[in-house]
Structure formats: structure tokens, C-alpha cells
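# Structure for the following, please:
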Amino acid sequence: MEDQGHLLRNMILFARLLRDLGMNVTTTRIIDLVEAAKHVNIGYRKDFRDAVQTILVSRREHLALFHRVFDLFWQAGEKRGSFPELGLLLRRSHQIKEQPALQTHAEDHHLQQVSASDPREAAKIRTYSAQEVLRQKDFAELTPAEREEVKRLMQDMTWEVEQHRTRRTIQGSRGAYLDMRRTLRHNLRQGGEPLLLRWRRRKHRRRPLVVICDISGSMEPYSRLLLQFIFVINSRLQKMEAFVFGTRLMRITRHLKERDVDQALSQVTGAIQDWAGGTRIGEALKNFNYDWARRVLSQGAIVLIISDGWDRGNIQLLEKEMARLQRSCRRLIWLNPLLGSPRYEPLTRGIRTALPYIDDFLPVHNLTSLEQLGKLLERLGEHRPLRRQMRMRFSEVA
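Presented below is the predicted three-dimensional model:
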């Protein structure tokens with residue numbers, strides 16, 4: 001058991017090392033690696049290397065770097081001189097990451113030249129640059145002035161949810177179904193002969209959206225801006241339901257009907273009794289599944305859960321209710337503000353329990369992540385859900 005713990009720890013450290021060297025090693029791929037290790041004979045070095053390469057390497061130009069780092073890392077226990085070479089690789093990667101700072105100085109010099117010739121154009125460039133920086137900045141690190149600007153930028157976002165075909169049909173210039181009633185009526189002038197055909201086609205409708213947001217103490221740096229985000233979505237979509245939870249679940253859809261966003265958020269925060277308190281995700285989802293699911297999850301609804309996964313409740317109940325919720329909705333998307341950090345690992349018991357039932361695990365820590373979510377909602381059919389039925393075992397990781 002201790003050897004398995006060391007192997008698991010080394011696999012995670014190796015994946016982190018590749019990520020620090022600039023390779024696209026996501027948390028999902030690390031989970032896949034841990035799962036694959038159960039089915040690979042670790043004693044055969046080539047088989048193990050091929051499995052790791054298949055999971056962690058996504059670009060051909062990274063193959064040479066991968067093989068070099070693999071040999072250095074997994075032989076480091078026998079060859080002590082390998083660690084300094086790994087450190088040298090990391091220092092070189094950090095130097096490459098610092099190059100954008102030099103590019104920024106060049107852009108500033110160019111901006112000064114533009115400003116001397118056309119002040120109005122320079123003002124536009126400065127505004128665009130400031131907004132781009134703000135889009136990348138973590139919500140928890142914003143100043144009060146930046147928060148107000150982020151709220152304004154949220155208002156400018158457009159939100160659409162993917163349409164789906166319903167069983168109902170409507171009139172159309174073309175379609176798959178012959179409209180006999182309209183065909184006969186329009187052909188009465190020709191003596192009843194069906195010379196002009198009329199058609200019907202399937203009606204398309206946007207899927208309902210249900211948002212369940214965590215407002216516990218661990219989510220405090222993000223909660224107010226995420227409520228602003230929920231308000232903006234609600235004002236753009238026709239069918240949306242919104243809930244918040246800490247130790248209990250509360251429906252806030254009616255509070256979001258206010259036209260003034262500040263008044264709406266004031267009503268929400270005033271009505272919540274356990275703001276910035278504890279978290280019982282399982283109990284909250286049970287309440288939703290039994291009291292609200294049948295009312296709001298019709299017509300292939302999409303569910304967004306916004307939470308960092310810290311849970312003080314019954315973990316078996318959480319697993320049971322996550323499974324029930326996944327079966328009830330079309331798509332289950334979990335948004336985690338901590339996922340925006342490149343060093344984040346799904347080690348909390350809440351996330352470990354919920355992950356097998358999540359279709360999409362995404363960050364929600366800045367404006368850019370919200371824009372990426374919007375693109376996903378518009379084209380859900382182009383992105384297959386994960387529907388991963390597996391269990392992670394990170395308890396042995398220190």
C-alpha cells in the first residue's frame with residue numbers, strides 16, 4: 001500500500017513537472033493517468049511510458065521533451081545527477097514565460113509613438129489593453145473599482161443556450177412532414193388536385209437553464225460577482241431557474257425579476273440566512289431533487305453547479321444525489337473558481353465524490369472563463385459530455 005502511495009505521488013509530481021515546462025497537462029488528464037495506472041503493468045517500463053505519453057502528450061513537438069523528462073524523472077532515484085538537469089529545464093521554461101513582459105515593454109513604446117500622432121487612437125488602445133488585462137484577472141484579486149468595471153463588462157455579454165428539436169411541428173417552406181390540411185386548402189382552386197404541397201418541420205426550442213450556486217464561507221471572494229453573473233444570464237434567457245445554498249437550499253428566481261441589478265442582489269443577500277456559512281452540498285441537492293427537479297428539469301434542462309467543492313455534510317448522500325441529478329438533466333456542468341489556478345488539484349472530498357457524475361468541469365474565476373462557458377452553452381451538441389463513471393483515490397497523496 002505504501003508503494004502505491006509513492007507511485008501515485010510520483011505520477012502527480014511528474015504531471016505537474018510537464019505542466020511547468022509548458023505542456024498542456026490538465027487536471028482531467030492527471031485523473032486519467034491515475035486511472036490508467038490500474039490497468040498497466042508498471043514493471044514494464046515501455047508499456048508504462050507509452051501509457052503516460054498517450055494521456056499527457058497532445059502535441060507532436062512535445063514528444064522529444066517528454067521522453068527526455070520521463071527518463072530523467074523516473075531514473076532520478078538511481079541517478080542523483082538528474083535533478084539538477086530537471087531544474088535547468090524548469091529555469092529555461094520560466095525564462096520563456098517571462099518573454100511576454102518584454103513584449104509588453106515594446107507595446108508601451110509603440111503606444112507612446114501612436115499617442116504622439118493620434119491621442120484618440122492611443123486612448124482606444126489603452127482602453128482595449130486595460131480591458132484585456134481585466135478579463136484575465138481573478139475575481140478574488142479585484143479592487144473595488146475593478147469590480148465595478150467587471151460588472152459593466154458582464155452586462156455587455158450575450159448569452160444563448162443551444163436549441164434542440166421538439167416533437168412539435170410548425171409550418172415551413174420545406175420540411176420532412178407533409179401538411180395535408182394546408183395542402184388540401186391551398187389546392188382547392190385547382191379542383192382539389194394536390195399540385196402545391198405544403199410542409200411542416202420540427203420546432204426548435206432553447207433548453208432551460210438551472211443554476212445552483214454555493215454561497216458558503218469558502219466562496220465568499222467570488223459569491224457576489226457570481227450572483228451578478230446569474231442576474232445577467234437571467235435577464236438574457238427566457239427559461240431559467242436560480243438557487244443558492246450553504247447549509248440549505250433557497251430559490252432566488254423571483255428576486256432576479258427586478259430590473260435594477262443592485263436592488264435584486266440586495267434582496268437576495270437580505271433573504272439568505274446562511275450567507276458565508278458552512279456547506280452541505282448533499283443536503284442541498286437532495287432538497288433540489290425532491291422539491292424542485294420535476295418542476296424545473298423538463299425539456300432537457302442544463303444544470304450549472306457553482307461551487308469550490310468544500311463540503312461538511314454527508315459524503316454518501318452527496319454521491320447519491322449527484323447520481324440522481326445527472327440522470328434527471330440533459331447536461332450537468334460544475335463550475336469551480338479554484339480550477340482557474342494552474343496548480344489546482346481535485347483533492348477535496350466533495351469534488352472527488354462529485355467528479356464521476358459531472359459532464360463538464362470548468363473554471364469560473366474571471367471574465368474569460370465566463371466567455372468560454374457562454375461558447376459551450378451555445379454549442380453543447382459539438383462537445384460530448386464526459387459522463388465518467390469512475391472513482392478517484394487521492395487519499396494517499398500527502
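# Surely residue 33 touches residue 11?
Yes: taking contacts as CB atoms under 8 Å, residue 33 lies within contact range of residue 11: 5.8 Å. No exception for glycine: its C-beta is placed from N, CA and C like everyone else's.
# what do the two both touch?
residue 52 (CB atoms under 8 Å, 6 or more residues apart in numbering).
# residue ranges of the helices in the stretch 251-398 of the chain, please?
Assigned helices in the stretch 251-398 of the chain, in chain order: 261-271, 281-291, 293-296, 315-328, 349-354, 367-378 (criterion: DSSP state H, counting those that start in this stretch).
# Outside of the first one itself, which residues are in contact with it?
Contact partners of helix 261-271, identified using CB under 8 Å, 6+ apart, comprise 151, 155, 224, 227-228, 231-232, 244, 250, 252, 255-258, 275.
# tell me the average confidence for it?
Per-residue pLDDT values over helix 261-271 give a mean of 79.
# The last one now?
Per-residue pLDDT values over helix 367-378 give a mean of 90.
# same deal with the shortest one?
Averaged over helix 293-296, pLDDT sits at 93.
# Tell me how far it lies from the chain's centre.
How far helix 293-296 lies from its chain's middle: 23 Å, per CA atoms, centre = their mean, to the nearest Å.
# What are the buried residues along that helix?
By 16 or more other CB atoms under 10 Å, the buried positions in helix 293-296 come out as 293, 296.
# What are the contacting residues of it?
208, 210, 241, 325, 328.
# Model confidence for the third one, exactly?
For residue 241, the pLDDT comes out at 95.
# so it bridges to which residues?
Legend: beta-bridge partners of residue 241 under DSSP bridges are residue 210.
# what's the burial count for it?
21 (other CB atoms under 10 Å).
# what sits against it?
Residue 241 makes contact with 208-211, 251, 253, 292, 296, according to CB under 8 Å, 6+ apart.
# ok, now how distant is it from residue 11?
41 Å (CB to CB, to the nearest Å).
# Now do the closest residue in space to residue 285 that isn't next to it in sequence against residue 336, distance only.
Excluding its sequence neighbours, the residue lying closest to residue 285 (CB to CB, 6 or more residues apart in numbering) is residue 321, at 3.8 Å. As for residue 321, its distance to residue 336 is 18 Å (criterion: CB to CB).
# Please tell me the pLDDT value assigned to the closest residue to residue 140 other than its chain neighbours.
Closest residue to residue 140 in three dimensions, ignoring its sequence neighbours and counting by CB to CB, 6+ apart: residue 221, at 3.7 Å. At residue 221, the model reports a pLDDT of 87.
# repeat for residue 397
We have a pLDDT of 38 for residue 397.
# ditto for residue 388
42.
# Buried deepest among the helices of the stretch 251-398 of the chain, which one?
helix 349-354 (a mean of 22; mean count of other CB atoms under 10 Å).
# Run the chain-centre distance for that helix.
The answer for helix 349-354 is 16 Å, by CA atoms, centre = their mean.
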